[in-house]
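Novice: requesting a structural model of the entry that follows:
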Amino acid sequence: MSLPFPVLTMRIRLQLAVDSIDYRRFLVEVKNSQDKEVFQQKVPSPRSGKLVTITISSKVLPAGAYSLQLTGISPDGTSELVGNYNFRIASR
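Specialist: Numbering: from 1, shown residues only. Have a look, this model is predicted:
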């Protein structure tokens with residue numbers, strides 16, 4: 001998926017559909033095309049619906065290819081891979 005953004009975009013918001021919200025929170029890890037981690041954040045489980053929302057500064061994600069790993073963290077602290085997502089930031 002390619003995401004074009006105007007030059008003046010300050011923040012990028014990603015919404016990820018998940019099958020289950022039975023986790024206390026989620027861990028989001030974004031890596032660039034060189035497999036270097038450029039962003040990591042723990043986000044709470046959605047209050048309603050099944051969309052996990054992440055907001056990232058556009059300074060962290062210049063034009064290029066990225067992979068995002070979403071891990072669910074259960075109430076007892078165990079973690080489970082929820083999904084891997086690939087995307088591309090395209091400049092205008």
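Novice: my guess is Q41 contacts I54. True?
Specialist: Yes: using C-beta atoms under 8 Å, Q41 is in contact with I54, at 6.6 Å. Heads up, the C-betas are built off the backbone N, CA and C, glycines and all.
Novice: which helix or strand contains the residue of the chain most remote from its centre?
Specialist: Farthest-out residue of the chain from its mean C-alpha position, per C-alpha atoms, centre = their mean: D76, at 22.7 Å. Per DSSP states H and E, D76 falls between elements, in no helix or strand.
Novice: measure it to S57 for me?
Specialist: According to C-beta to C-beta, to the nearest Å, D76 and S57 sit 32 Å apart.
Novice: other SSEs contacting the longest strand along the chain?
Specialist: Criterion DSSP state E: the longest strand present in the chain is strand 79-91. Contact analysis of strand 79-91 by 3 or more C-beta pairs under 8 Å, 6 or more residues apart in numbering; DSSP states H and E lists strand 2-5, strand 11-17, strand 64-73 as its packing neighbours.
Novice: any idea which of the ones you listed is most buried?
Specialist: By mean neighbour count, with neighbours taken as mean count of other C-beta atoms under 10 Å, strand 64-73 ranks first of the helices and strands packed on strand 79-91 at a mean of 17.
Novice: quick one: contacts of that one?
Specialist: 14, 16, 18, 20, 22-33, 38, 42, 52, 79-89 (C-beta atoms under 8 Å, 6 or more residues apart in numbering).
Novice: surely V60 touches F39?
Specialist: Yes: counting by C-beta under 8 Å, V60 does reach F39; the two are 5.2 Å apart.
Novice: now do the shared contacts for those two.
Specialist: Residues touching both V60 and F39 (C-beta under 8 Å, 6+ apart): V30.
Novice: of those two, which one has the most company?
Specialist: Taking other C-beta atoms under 10 Å, V60 and F39 do not tie; F39 has more neighbours (16 against 13).
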